[in-house]
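Trainee: Sequence first, predicted coordinates after that:
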Amino acid sequence: MKIEYPTPRRCDCTENIHGHEVPDPYRWMEDPDGEETKQFVEEQNSITMPYLEKCCVRKVFHETLVDLFNFPKQGCPFKRGDKFYYDYNSGLQNQYVLYQQDSPEDAGEVLLDPNTFSEDGTVSVGSKSFSKDGQILAYTVSVSGSDWKTIKFMRTDTKVELEDVLHDVKFSCISWTHDHKGLFYNRYPKASTKDLGTETNSNVHQKLYYHKLGTSQEEDILCLELPDQPHWMPGCEVSDCGTLLLVYISKGCEPVHKLWVHDLPDMGLPQQFNFTKIADHFDGEYKFITNKGRLLYFMTNLGADRYKLISINLDCPSQDKWEDIIPEKKSVLEWAACARGDLLVTCYMEDCVNKLYINKLESGLLLQEVQLPPGSVVGYSGRVQDTFIYFKFMSFINPGVIYYMDLAKEGDTFTAEVFKETEIKGFDSADYVTQQIFFASKDGTKVPMFVTHNKDLVLEGNNPTLMYGYGGFNISLSPSYSCSRMIFIKYLGGVFVEVNMRGGGLAIEGGSNGGLLVAACANQRPDLFGAVICHVGVLDMYRFQKFTIGHAWMTEFGDPDKAEEWGWLRQYSPLHNIPEEGVYPATLLLTGDHDDRVVPLHSLKFIATLQHRLGGRNPHPLLIRVDTKSGHGAGKPTAKRLLETADCYAFIADQLGASWRQ
């Protein structure tokens, strides 16, 4: 089917970058509110949506997905004050609901239901933080998937909303002082646009504030600002004992930051701030685990790329006095938590599957490994004062099991008991298999990947295959269950492959940094792929740092304003490496009009360039789907997610020639 693509205006904008003349004919698309930009989006959707609606399996895929996705989903119970809480979705609710209960065995009652905030489910709740006594809940609200948040407050006993409201919040900590009077949080200077989430202005000059309950935001106390470093971001948390404030100053997404500490007299706000700088260089990351008075325990990558556990005594904080509690191992320490006051729960990643261990806090002595099949620990609850922990396990063919461990009994070995097992009608994990395969990358590095398919499928090289990857920001993909992927396997005879990178009949899919990955792959080897699904991709590597939080990614990608680092980016920047000729694989880009993380201009400029160069003669469709009232992904309502997923898999099936089978 021949597609008549739009022909947007090409301007004569050219920029000299390190001595090279670089044309940017669609620079005007960087204005999201421009009439031309809005018209271009409408023209693209008017082509894409009818095309997707005609894909053979779209209707049946969506119907099957809605049916199979309609099962109860629950998070790990956690205790705050004298009550327990858990997040729950009955099946197809657009947003998870927060329940309050007297004990984990009770059904409980609704405390906070974001589904009541809007008719279409596009208003969501993000972070939640309870005061030390559990009496007040602070929570963030986002509209249309934007990274901008509003902090609101609720009494947990009466469910009455407080009048306090905090605006201009983005990438914020929320940490209460233990006198229950207020909390620390971050905010930016007031945004200039009324429709938060559609702007592209760079997010700079984040500050750390303290809000006292019962006062207006204008009265909030400025605790820390860094006027000479507009890109630096100061987050914080209050220690378990309530007497210390730990401040982390980051300058990007690289896992390094400064560590400053301040005493909190009477567990409240000090008269003035004069921080002790424990680590004042960007050479390591410090994740607070717990403290015993002036002895603090951290997880760090300083001198340990795979992380280790250390202790720092604030009375002699020089680095040569720091002590290793659990040294670095061959596997990566992903997280650690303290429970029962004297135990450490440590979670490692070994060949992209999680291993869970129980250690002694003060010595690091290993007490036991918690026996789990290959998969991922995707949820955890348990704090220093708790004599129990809950954790949730998941794999490609296991939709989730919540385990409970009682740590109160005597002895140093504990049993993981099933607390809640996810059940999905018509799904039997015994019908599927997952195998882990290792292959050598271009430089010889051993890279793992997981291959999941029906147990009776013969792998002879002709099965429809979907490969998913991310490959950046120190994020390793781990096994997780997906209804849509199981439908692809069961009803389309597909094979799903997840490639665990660091940093013809084959489709590739990726989002955000993974969108950059698949677009670069399509540019470099278009002959390898039958379909490319690119979600909210970072595609203009010459100008990414100029928009919203893009400057924070320079620690990952490099700085385009530096000649040497621009040279790296020039080799693969998707927008600037689209082939001038040849056959390009069928491509579907997806973005949201309120994505203020990776702003839509990346996808708009890429699709305009791709269609201009190859659209008239390319035998495969080159399309973009721009969703409204939608952001980078977080908080997206269930109904929108299911429709989008059905569109993606219908496109894949159509391009790979995969037919529906019962």
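Mentor: Structure's in. What do you need? Numbering: from 1, shown residues only.
Trainee: so where's the chain shaky on pLDDT?
Mentor: 1, 192-195, 501-505 (pLDDT under 70).
Trainee: try 80
Mentor: 1, 191-197, 410-411, 471, 474, 500-505 (pLDDT under 80).
Trainee: Secondary structure element holding the residue of it positioned farthest from its centre?
Mentor: Most distant residue from the mean C-alpha position of the chain: residue 410, 38.6 Å away (C-alpha atoms, centre = their mean). Assigned by DSSP states H and E, residue 410 belongs to no helix or strand.
Trainee: Might you report the residue contacts of the nearest residue to residue 284 once chain neighbours are set aside?
Mentor: In space, and not counting its chain neighbours, residue 284 is closest to residue 302: 2.9 Å by C-beta to C-beta, 6 or more residues apart in numbering. Where you see a C-beta, it was placed from the backbone N, CA and C, and this is true even at glycine. Taking C-beta atoms under 8 Å, 6 or more residues apart in numbering as the criterion, residue 302 is in contact with 279, 283, 284, 285, 286.
Trainee: from memory the last one sits against residue 280, does it?
Mentor: Yep, that's residue 286 we're talking about. No. Using C-beta atoms under 8 Å, residue 286 is not in contact with residue 280, being 11.8 Å away.
Trainee: Which one's more surrounded, those two?
Mentor: residue 286 (21 against 12; other C-beta atoms under 10 Å).
Trainee: Tell me the spacing between that one and residue 584.
Mentor: 46 Å (C-beta to C-beta, to the nearest Å).
Trainee: can you check residue 343 too?
Mentor: Residue 343 is 55 Å from residue 584, by C-beta to C-beta.
Trainee: Compare these two (neighbour count), which wins?
Mentor: residue 584 (24 against 20).
Trainee: these two touch, right, that one and residue 617?
Mentor: No. The pair residue 584 / residue 617 is not scored as a contact, 10.0 Å apart, by C-beta under 8 Å.
Trainee: A helix includes residue 241, no?
Mentor: No. Using DSSP: H, G, I helix; E, B strand; the rest coil, the assignment for residue 241 is coil, not a helix.
Trainee: For the residue nearest to it when sequence neighbours are not counted, what are phi and psi?
Mentor: The shortest distance from residue 241 to any residue other than its chain neighbours is 6.1 Å, reached at residue 291 (C-beta to C-beta, 6+ apart). Main-chain torsions, residue 291, degrees, to the nearest 10: phi -150, psi 150.
Trainee: from now on call the first residue 679
Mentor: In the new count, where the first residue is 679, that last one comes out as residue 969.
Trainee: Tell me, how many residues neighbour residue 969?
Mentor: Residue 969, neighbours per other C-beta under 10 Å, totals 21.
Trainee: in the sheet, who's paired with it?
Mentor: Under DSSP bridges, the beta-bridge partners of residue 969 are residue 974.
Trainee: got the contact list for it?
Mentor: 917, 918, 919, 922, 975.
Trainee: Looking at those residues, which is nearest residue 1053?
Mentor: Using C-beta to C-beta, residue 975 comes nearest to residue 1053 of those, at 27.6 Å.
Trainee: Correct me if wrong: the closest one contacts residue 1039.
Mentor: Yes. Look at residue 975 against residue 1039 with C-beta under 8 Å: they come within range, at 7.0 Å.
Trainee: how much space between the closest residue to residue 1107 other than its chain neighbours and residue 1164?
Mentor: Using C-beta to C-beta, 6+ apart and skipping residues adjacent in sequence, the residue nearest residue 1107 is residue 1075, 4.4 Å away. Distance, residue 1075 to residue 1164, by C-beta to C-beta: 8 Å.
Trainee: and those two? which has more neighbours close in?
Mentor: residue 1164 (24 against 21).
Trainee: Would you check that the more buried one makes contact with residue 742?
Mentor: No. If you go by C-beta under 8 Å, residue 1164 and residue 742 don't touch, sitting 10.0 Å apart.
Trainee: still on that earlier bit, which neighbours do residue 1075 and residue 1164 share?
Mentor: residue 1110.
Trainee: What distance separates the opening and closing residues of stretch 974-992?
Mentor: One end of stretch 974-992 sits 8 Å from the other (C-alpha to C-alpha, to the nearest Å).
Trainee: what's near enough to touch residue 1103?
Mentor: So, once contact is read as C-beta under 8 Å, 6+ apart, residue 1103 ends up touching 746, 749.
Trainee: Which secondary structure state is assigned to it?
Mentor: coil.
Trainee: Please report how far it lies from residue 745.
Mentor: Residue 1103 is 8 Å from residue 745, where distance means C-beta to C-beta.
Trainee: Grab the nearest non-local neighbour of residue 1239.
Mentor: residue 1223 (7.6 Å).
Trainee: On the three-state scheme, the one you found is what?
Mentor: Strictly by three-state DSSP, residue 1223 counts as helix.
Trainee: Provide a list of residues in contact with it.
Mentor: 1229, 1231, 1232, 1237, 1238, 1239.
Trainee: Please name the residues that touch the fifth one.
Mentor: If a contact means C-beta under 8 Å, 6+ apart, then residue 1238 has 695, 1219, 1220, 1221, 1222, 1223, 1244, 1247 as its contacts.
Trainee: Tell me the one among those nearest to residue 1151.
Mentor: residue 1222 (13.4 Å).
Trainee: What about the nearest residue to that closest one once chain neighbours are set aside, how many residues nearby?
Mentor: Spatial nearest neighbour of residue 1222, excluding adjacent residues (C-beta to C-beta, 6+ apart): residue 1228 at 4.4 Å. Residue 1228 has 21 neighbours, counted by other C-beta under 10 Å.
Trainee: what's the answer for residue 1265, then?
Mentor: Based on other C-beta under 10 Å, the number of other residues close to residue 1265 is 27.
Trainee: again, but for residue 1234
Mentor: Residue 1234: 15 neighbours (other C-beta under 10 Å).
Trainee: any idea whether it is helix, strand or coil?
Mentor: helix.
Trainee: That one: what's it in contact with?
Mentor: 930, 931, 932, 1150, 1151, 1181, 1191.
Trainee: between those, which is closest to residue 813?
Mentor: For the contacts of residue 1234, the nearest to residue 813 is residue 931 (35.4 Å; C-beta to C-beta).
Trainee: quick one: the closest one from residue 909, how far?
Mentor: 11 Å.
Trainee: and for the two, which residues touch both?
Mentor: Contact criterion C-beta under 8 Å, 6+ apart; residues shared by residue 931 and residue 909: residue 1230.
Trainee: Any idea how many residues pack against the residue nearest to residue 813 when sequence neighbours are not counted?
Mentor: In space, residue 813 comes closest to residue 834 once its chain neighbours are excluded; the distance is 6.0 Å by C-beta to C-beta, 6+ apart. When neighbours are defined as other C-beta under 10 Å, residue 834 has 20 of them.
Trainee: Give me the contact list for stretch 1126-1134.
Mentor: Here stretch 1126-1134 makes contact (C-beta under 8 Å, 6+ apart) with 1029-1030, 1074-1075, 1108-1117, 1137, 1141, 1157, 1163, 1167-1168, 1171-1178.
Trainee: give the contact list for the spatially closest residue to residue 1231 that is not a sequence neighbour.
Mentor: Excluding the flanking residues, the one nearest residue 1231 by C-beta to C-beta, 6+ apart is residue 931, at 5.8 Å. Going by C-beta under 8 Å, 6+ apart, residue 931 touches 1151, 1230, 1231, 1233, 1234.
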